[in-house]
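**Q** Any chance you could fold what I've pasted below:
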Amino acid sequence: MNAYRNFSIASYMYAYYVKDATDRQIREGVEEYLRCLPLSKVYVENHRATVDIPVERLKEVKALLEEYGLQVSGGITSTVLVGGAPKPALFDTFCYTDPAHRQEYLRIVRENAEVFDEIILDDFYFTSCRCEMCIAAKGKQSWKDFRQAQMKAFSEEIVAEAKRVNPRMNFIIKYPNWYESHQATGYNPGIQKDIFDMIYTGTETREPFYAAQHLQRYESYSAMRLLENAAPGRNGGGWIDLGGSADNISRFLEQAEFSFLGGAKELTLFNFPSLLSSPALPAMDSVLRRVDAFLDQAGRPVGTKVWEPFDAEGEDQLISYLGMCGAVLEPVPDFPEEAPSVLLTQRSACKPDAVEKLEAYVRKGGKAVVTTGFLRETWNRGIQEMTSVRLTNRHVSGRRYMVDLSEFDYAAIRHAHSDEKILFEALDYKTNATWADILLMCDEDNFPVLTEDLYGRGKLLILNVPENFADLYKLPAAVTGILCRELSAGLPFYLSAEPKWSLIAWDNDVCCLHSFRPMISRARIVVRGACESLQDLDTGRMYQNGVLLPAPCKRQDGALTRTAPPEYAFEVTAAPGQSLHLKILR
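**A** Numbers count the residues shown, from 1 in each chain. Alright, predicted model coming up:
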């Protein structure tokens with residue numbers, strides 16, 4: 001089977017399987033993979049929980065796999081029971097304070113490095129231990145500071161030990177999909193990315209209703225983009241599993257697709273034996289061939305920069321909820337000073353100079369959207385000088401909305417409603433000092449959902465985020481379309497549709513539109529600038545006769561009309577789980 005041009009496939013063979021599988025079973029498994037996919041690598045685990053694979057057996061399995069032309073690397077899952085005594089740590093992860101645990105880990109690393117030139121750490125390489133040793137060692141530090149310092153030091157120790165045993169070692173740390181909680185468990189990508197040779201990205205998502213992690217399906221893309229930007233050129237790939245999607249193979253295949261759209265050069269399938277009994281394995285190749293062909297025509301991923309500093313907290317997973325509403329986003333760990341637009345959430349506010357950077361950015365001409373979470377966290381740090389919007393700590397719910405953009409006259413005012421009420425904070429603002437572009441209508445009152453303030457040469461917008469982020473999915477298309485429009489400054493197109501669509505963009509006028517809708521649905525792609533048509537890159541179909549949307553106009557007694565490129569709207573239709581690969585023809 002021919003290899004893919006833009007990426008490769010790996011599988012992870014965990015220790016439970018290696019312990020019991022015969023050579024014949026392994027061969028049959030490999031041959032089944034190769035009938036379904038151009039498998040190129042297998043990670044073989046030498047330790048998990050109470051299972052250790054002897055060095056000699058690792059060498060035998062490695063040699064067997066190499067007979068098939070596969071690259072073979074090592075893996076470690078950092079769960080353990082030392083001396084039969086459990087620690088107060090979730091999943092029995094290692095205690096990095098206890099000398100016995102540390103010595104056990106170093107032994108596991110040495111044995112792995114004796115066999116393999118590359119090791120990847122499964123994402124249980126974290127600590128949640130609160131044993132007496134840890135409590136005493138922590139002292140007056142926060143658990144975050146204690147764990148991150150401890151894991152930094154131990155990461156340096158295990159990397160040094162692996163390279164002492166095997167100077168050719170390429171040591172990889174895989175980060176979990178729950179990136180908003182990294183700092184609470186000792187993960188520190190901002191530092192660890194420079195300790196390990198490479199990083200790896202957990203792009204697995206879960207069924208969103210019954211999993212506690214709040215993972216939205218867009219996160220298979222957004223997590224990849226964040227870590228691609230965190231360690232350019234050193235992010236080894238994405239990692240998915242069947243957990244939370246075994247009941248819906250389309251959701252599993254979607255994880256693979258979004259990982260590669262996000263830039264993954266390798267995808268690890270966890271784990272080797274479970275996929276052998278799943279219909280997902282034979283279904284993958286046709287999906288990935290289509291993605292591979294599309295990536296031949298795609299440029300560099302682009303989107304509104306979202307400032308996601310390392311170790312940030314607050315408004316967890318909000319950008320993935322917005323991505324599921326069609327926002328084209330590009331999370332980055334450093335403030336993007338030269339970007340045409342930027343989104344700052346409560347997570348961005350963890351940096352002491354966040355408002356200083358925001359003020360300078362907007363003042364020189366940038367367009368910034370900040371959330372109510374960011375506003376709350378920075379309220380006494382200077383942002384109140386940039387807007388008249390005030391938090392009230394009161395709340396209001398409603399289902400009717402009015403869109404009244406400041407750069408359009410009354411004829412462009414639109415009204416829309418959702419089927420269910422949504423709870424927002426009742427923001428206060430001063431009329432004509434700040435303008436409300438979107439309002440929630442409640443009886444004979446109204447409250448802003450999106451405001452704008454002109455500041456210096458730029459613009460500051462404040463997005464009132466619902467108390468329940470999932471309520472974003474209840475917003476009408478007229479509202480999400482404006483949110484996407486305002487979040488897409490500098491991009492060639494944006495989406496105007498009901499929630500549960502994602503739009504992913506590249507810098508050569510190419511995009512991927514993906515439907516998460518439960519039925520065949522219609523969306524509107526709006527193209528900025530002169531445009532003849534949209535072309536479906538898979539089928540050659542042409543979407544022509546785009547509708548020219550109203551242009552900005554002079555409002556009331558204003559002195560000028562704001563300039564903007566013309567916008568053309570194209571209606572497209574997709575089935576649930578379908579991706580459309582589109583290109584603007586100008």
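**Q** Within its local environment, how many residues does C350 see?
**A** 16 (other CB atoms under 10 Å). (C-beta placed from N, C-alpha, C; glycine too.)
**Q** give me every residue that touches it.
**A** 309, 311-314, 377 (CB atoms under 8 Å, 6 or more residues apart in numbering).
**Q** Same check on A231?
**A** If you count contacts by CB under 8 Å, 6+ apart, A231 has them with 189, 193, 198-199.
**Q** what's the most distant pair in those?
**A** Maximum pairwise distance among those (CB to CB): 12.0 Å, between P189 and M198.
**Q** of the two, who's got more company?
**A** Applying other CB under 10 Å to P189 and M198 shows that P189 carries more neighbours, namely 21 against 18.
**Q** Please report phi then psi for that one.
**A** phi -60, psi -30 (degrees, to the nearest 10).
**Q** what about the strands in the stretch 101-250 of the chain?
**A** Counting by DSSP state E, counting those that start in this stretch, one finds strands in the stretch 101-250 of the chain at the ranges 118-121, 170-175, 198-202, 235-241.
**Q** Now mean pLDDT and distance to E45 too, for the ones you listed, in JSON lines please.
**A** Converted to JSON lines, these look like this (pLDDT from 0 to 100; distance: least, CB to CB, whole Å):
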{"stretch": "strand 118-121", "mean pLDDT": "98", "distance to E45": "9"}
{"stretch": "strand 170-175", "mean pLDDT": "98", "distance to E45": "12"}
{"stretch": "strand 198-202", "mean pLDDT": "98", "distance to E45": "14"}
{"stretch": "strand 235-241", "mean pLDDT": "97", "distance to E45": "13"}
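**Q** Mind putting those strands into CSV with distance to R110?
**A** Output for the strands of the stretch 101-250 of the chain, formatted as CSV (distance: least, CB to CB, whole Å):
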stretch, distance to R110
strand 118-121, 11
strand 170-175, 13
strand 198-202, 20
strand 235-241, 22
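**Q** between the ones you listed, which gets nearest to N229?
**A** strand 235-241 (8.9 Å).
**Q** So which elements touch that closest one?
**A** In this structure, strand 235-241 makes packing contacts with strand 198-202, helix 219-230, helix 249-261, strand 266-270, judged by 3 or more CB pairs under 8 Å, 6 or more residues apart in numbering; DSSP states H and E.
**Q** Switch these over to a markdown table; also include distance to P492.
**A** Shown next, in a markdown table, are the helices and strands packed on strand 235-241 (distance: least, CB to CB, whole Å):
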| stretch | distance to P492 |
| --- | --- |
| strand 198-202 | 27 |
| helix 219-230 | 18 |
| helix 249-261 | 17 |
| strand 266-270 | 28 |
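**Q** tell me which residues in the lengthiest helix in the chain are buried?
**A** Criterion DSSP state H: the longest helix present in the chain is helix 143-165. Using 16 or more other CB atoms under 10 Å as the test for burial, helix 143-165 gives 143-144, 146-148, 150-151, 154-155, 157-159, 161-162.
**Q** Show residues contacting it.
**A** Applying CB under 8 Å, 6+ apart, the contact partners of helix 143-165 are 96-97, 102, 105-106, 109-110, 112-114, 119, 126-127, 130, 134, 137-139, 141, 169, 171, 173, 183-188, 191-192, 195-197, 311.
**Q** quick one on the thing from earlier: could the contacts of C350 go into CSV alongside distance to V42 and secondary structure?
**A** Shown next, in CSV, are the contacts of C350 (distance: CB to CB, whole Å; DSSP: H, G, I helix; E, B strand; the rest coil):
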residue, distance to V42, secondary structure
P309, 36, coil
D311, 33, coil
A312, 35, coil
E313, 37, coil
G314, 39, coil
E377, 45, helix
